[in-house]
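[1] Next come a sequence and a model predicted from it.
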Amino acid sequence: MASRRKRLAGALCILLTPVSVASASEARLISGVVETTDGKSVAGVEVRITNAGGNLSSDSGEFTIALPSRLEPGDPIIFRVADWVVVDPFTGTCGKTYIPKSSVEPMRIVVARRGDPGLLSNPQLIQQIVQGVTSQISPKLTSSSESDHFLADQAGELGFTVEQLKSAVTRWSKNVQEPYQKGLAALYARRYPEASAYIQQSISSSENDLVGQYDSLAAAEYEQGHYPAAESALRKAGALHSDDPLIVNNLGVVLAAEAKYGEAEPLLRRALAIDENALESGHPDVATALNNLAALSQLQGKYAEAEPLYQRALATDEKALGPEHPDVARDLGGLAALYLHQDKYAQAEPLLKRALAIDEHAFGPEHTLVAAAVNDLAVLYVEQGKYAQAEPLLKRALAIDEKALGPEHPVMATYLNNLAALYYHQGKYAEAEPFYQRALATDEKVLGPEHPDVAIALDNVAKLYRDQRRYAEAEPLYQRALAIDEKTLGPEHPEVALDLNDLALLYDHQGKYAEAEPLYKRALAINEKALGAEHPSVATTAENVALVLRKLGRDSEAKVYEAQAAAIRAKMK
């Protein structure tokens, strides 16, 4: 089966700006002063905290806002000032910061007019934007950061074109001196090994803003497919700021990429709960958290839980960002991938085509996010048997990302596997084998020998050998794939059922029916529990059980399973 690759966004934000908060025994208040970039106070303007309330600034620009009791230290808050753009605080988004644990000096909110040319030459603001851009990572084998549409969002909010903002970032990058700044510049240019080296140097020589530096290091390592290193950096960031919901979210994202699903789920649920509590229900950050949790539910085989999460994320982003925003394409791709896993092709195809059109319009035809969308549509065509339509799409996706990311990035294994699958389904085994073998070698090198994606790659090579009657070569590969999935996914995951079915089929082909029977029956029980009693995969597995029972001469038992499968098929018509 071809791999279904998904693009979901998380955000690793950097700058933590202090806010004055009363002690727990007093009223929960945030206070500060509103000033322009040249230090002049701004009087009589409404200062609001999203989903929390607001107040007018005094003649000297001072303000005080009472916090709702539901908000806790570490929760995200976003400041808005009427008729002005907030340029500080800036944690990934203009005006965004976090409620601190203890009282500090009153907050200074810096504002400017939209389109103020001085903002483009403000090195602190540009650095903050670069931090936000470079920290946009996506869970599970992402093709690239979503820097282009993040820049577009920031340019629109500040009142500039994307090209104006890109030019400002380029100028900033040429003038940076400190190791951390050089690391951010390298990360922005996608020179990931260089970025890691500079950021690690900055961490070893600095005691300031270590949370931000660990976040940036995590992004650099993640983009190289170095998931354990990214996890380590995020855990160090979390030790310094344990209540930051974005650190919580992104640690969950990285753990999911490492197939540590039991550790990832409570983190992603906690991040969603924090955002839902602190931000308005239609905020894009809530959609991001929903999408990430949906992706994890899908990886765990919890399809009924994943679908409403994806649908809610899509509705949230369409309303907040408009129907042509790249985040909408992300949501469409996620929902379509879920339908693909359930063989709901008619529901998946229009979603994939719409996502591809959005990405091509937003990024151009050679962007890695376009490659991801092209790949997803090709997977659909492969599974529908539309091979002539799928092949040029798969080759296009492979060419885009091999040029952009290099031959050993984790996503390359996905595209290699999918191209091999195309040839495999057409019986072109000699053409398929080198692509399958290269995909397996890439996954083992980048992800480690016990990752579920390695199990998929092993299964694909084993199927190829089975169909060529190379049974002795296929069996240990199937057994290894089964052992990996049982360990990482749990013994009742649908992927384990696929592994069991494939190993049983191998024994079936060799006439080892007594060895195949218990494997088929265990696969059937898993599918009934995980997918529901009327799922097509249950019918297929029941048919397999019936066939092997007839080969064993147990016709009366076989009829029970044949009737089960027939009843399911009848309801599908």
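    Nice, I can see it.
[2] pretty sure A43 contacts E62?
    No - A43 is beyond contact range of E62, at 9.1 Å (criterion: CB atoms under 8 Å). Every C-beta, even on glycine, is put in place using the N, C-alpha and C of the backbone.
[3] Identify each buried residue in stretch 226-237, please.
    For stretch 226-237, burial by neighbour count (16 or more other CB atoms under 10 Å) applies to 226-227, 229-234, 236-237.
[4] Could you list every helix and strand in contact with the longest strand anywhere in the chain?
    Criterion DSSP state E: the longest strand present in the chain is strand 29-36. Judged by 3 or more CB pairs under 8 Å, 6 or more residues apart in numbering; DSSP states H and E, strand 29-36 is in contact with strand 20-21, strand 62-66, strand 107-112.
[5] Now the phi/psi pair for T50, please.
    When read as degrees, to the nearest 10, the backbone of T50 gives phi -50, psi 130.
[6] burial measure for it, as a count.
    When neighbours are counted by other CB atoms under 10 Å, T50 registers 17.
[7] Surely it and L279 touch.
    Yes - counting by CB under 8 Å, T50 does reach L279; the two are 6.1 Å apart.
[8] Find residues that contact each of those two.
    I78 (CB atoms under 8 Å, 6 or more residues apart in numbering).
[9] dump the residue contacts of the spatially closest residue to A373 that is not a sequence neighbour.
    Closest residue to A373 apart from its sequence neighbours, by CB to CB, 6 or more residues apart in numbering: L356 at 4.1 Å. Residues near L356 by CB under 8 Å, 6+ apart: 329, 370, 373-374, 376-377.
[10] try 10 Å this time
    329, 332-333, 369-370, 372-377, 393 (CB atoms under 10 Å, 6 or more residues apart in numbering).
[11] Export those to a markdown table and append columns for distance to A287.
    A markdown table is the format used below for those (distance: CB to CB, whole Å):
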| residue | distance to A287 |
| --- | --- |
| A329 | 13 |
| L332 | 12 |
| G333 | 14 |
| L369 | 17 |
| V370 | 21 |
| A372 | 18 |
| A373 | 18 |
| V374 | 24 |
| N375 | 23 |
| D376 | 19 |
| L377 | 23 |
| L393 | 28 |
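[12] just these: which has the poorest pLDDT?
    Checking pLDDT across the contacts of L356, the minimum falls on L369 at 83.
[13] Let me know whether it touches D327 as I believe.
    No - using CB atoms under 10 Å, L369 makes no contact with D327, being 11.1 Å away.
[14] ok, which stretches of the stretch 1-150 of the chain are strands?
    Assigned by DSSP state E, counting those that start in this stretch, the strands in the stretch 1-150 of the chain fall at 10-11, 20-21, 29-36, 46-49, 53-56, 62-66, 76-81, 85-88, 96-98, 107-112, 136-137.
[15] Of these, which is nearest A462?
    The closest of these to A462 is strand 136-137. By CB to CB, the value is 32.6 Å.
[16] Now list whatever residues contact both of A43 and E62.
    Shared contacts of A43 and E62 (CB under 10 Å, 6+ apart): V34.
[17] okay, those two: which has more neighbours?
    More neighbours surround E62 than the other of A43 and E62, with 16 against 13 (other CB under 10 Å).
[18] measure the nearest residue to the more buried one once chain neighbours are set aside to G39 for me?
    Of all residues not flanking E62 in the chain, V33 sits nearest, at 5.0 Å (CB to CB, 6+ apart). The gap separating V33 from G39 is 10 Å, by CB to CB, to the nearest Å.
[19] Looking at those two, which has the bigger crowd around it?
    V33 (18 against 8).
[20] Can you tell me who the more buried one pairs with across the strands?
    Counting by DSSP bridges, V33 forms beta bridges with E62, R108.
[21] Please report how far it lies from P117.
    25 Å.
[22] cool, and L184?
    For L184, the distance to P117 (CB to CB) stands at 23 Å.
[23] Please identify which of those two sits among more neighbours.
    L184 (31 against 9).
[24] hang on, that one packs against P123?
    No - shown here, L184 and P123 do not form a contact pair, counting by CB under 10 Å, at 11.8 Å.
[25] what residues do these two have in common as contacts?
    Counting by CB under 10 Å, 6+ apart, the shared contacts of L184 and P123 are 172, 176.
[26] Spit out the contact partners of L120.
    For L120, the contacting residues are 126, 158, 160, 164-165, 167-169, 171-172, by CB under 10 Å, 6+ apart.
[27] Using TSV, lay out those residues together with secondary structure, pLDDT and neighbour count.
    Output for the contacts of L120, formatted as TSV (DSSP: H, G, I helix; E, B strand; the rest coil; pLDDT from 0 to 100; neighbours: other CB atoms under 10 Å):
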residue	secondary structure	pLDDT	neighbour count
I126	helix	92	21
L158	helix	88	22
F160	coil	88	21
Q164	helix	91	16
L165	helix	91	21
S167	helix	93	13
A168	helix	94	22
V169	helix	93	22
R171	helix	95	13
W172	helix	96	22
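[28] Adding distance to A566, write these out as TSV.
    Below are the contacts of L120 laid out as TSV (distance: CB to CB, whole Å):
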residue	distance to A566
I126	66
L158	63
F160	64
Q164	65
L165	62
S167	66
A168	67
V169	63
R171	70
W172	67
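[29] ok, of these, which one's closest to A404?
    Nearest to A404 among the contacts of L120: V169, at 19.0 Å, using CB to CB.
[30] next SSE after the host helix or strand of E444?
    Secondary structure from DSSP states H and E places E444 in helix 429-447. Using DSSP H and E, the helix or strand that follows helix 429-447 in sequence is helix 452-467.
[31] for that following helix, packing partners?
    Applying 3 or more CB pairs under 10 Å, 6 or more residues apart in numbering; DSSP states H and E, we find helix 452-467 packed against helix 410-425, helix 429-447, helix 471-489, helix 494-509.
[32] cutoff 6 Å now
    Packing partners of helix 452-467 (3 or more CB pairs under 6 Å, 6 or more residues apart in numbering; DSSP states H and E): helix 429-447, helix 471-489.
[33] Would you mind listing the outside residues contacting the host helix or strand of A239?
    When elements are assigned from DSSP H and E, A239 belongs to helix 227-240. The contact list for helix 227-240 (CB atoms under 6 Å, 6 or more residues apart in numbering) reads 210-211, 214-215, 217-218, 221-222, 247, 251, 254, 257-258.
[34] show me where the stretch 201-350 of the chain has helices.
    With DSSP state H, counting those that start in this stretch as the criterion, the stretch 201-350 of the chain has helices at 210-223, 227-240, 245-257, 261-278, 284-299, 303-321, 326-341, 345-363.
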